[in-house]
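Visitor: Mind folding the following:
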Amino acid sequence: MQEINRTLQARQVRRHLSEVKGPVMDRLQRSELLCGQLSGQVFLSPAEAFRALGEAGEKGPP
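Guide: The predicted structure is shown next:
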């Protein structure tokens, strides 16, 4: 996951996560990914992500 995140950052693509379940979030919090390496945000639900990113002007692929 860290390598994918580095590749995306090099291409100026932000990576967001949504609806991350408890055990997975626990592991992510213990990893370096959520400590400054994730280029985007973590959202509780896809709907929350859609609202927040839409308001921020985030665009998907053309």
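Visitor: Flag the helix or strand of this structure with the lowest per-element mean pLDDT.
Guide: Lowest by mean pLDDT, DSSP states H and E among the helices and strands of the chain is helix 2-10, with a mean of 82.
Visitor: Put the alpha carbons of that one into CSV.
Guide: What follows is helix 2-10, C-alpha atoms only, in CSV (Å, rounded to 0.1, in the frame of the first residue of the first chain):
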residue,chain,number,x,y,z
GLN,A,2,2.8,2.4,0.8
GLU,A,3,4.4,1.8,-2.6
ILE,A,4,1.1,2.5,-4.4
ASN,A,5,0.7,5.7,-2.4
ARG,A,6,4.2,6.8,-3.3
THR,A,7,3.5,6.2,-7.0
LEU,A,8,0.3,8.1,-6.9
GLN,A,9,1.9,11.0,-5.0
ALA,A,10,4.6,11.2,-7.7
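Visitor: Skip ahead from it and say which helix or strand is next.
Guide: Per DSSP states H and E, the first helix or strand lying C-terminal to helix 2-10 is strand 17-18.
Visitor: Could you check the pLDDT of Arg30?
Guide: On pLDDT, Arg30 comes in at 82.
Visitor: can you count the residues close to it?
Guide: By the criterion of other CB atoms under 10 Å, Arg30 has 10 neighbours. Where you see a C-beta, it was placed from the backbone N, CA and C, and this is true even at glycine.
Visitor: same thing with Ser39?
Guide: Neighbours of Ser39 (other CB under 10 Å): 14.
Visitor: one step back: give me the buried positions along the least confident helix or strand of the chain.
Guide: For helix 2-10, the neighbour count (16 or more other CB atoms under 10 Å) marks Asn5 as buried.
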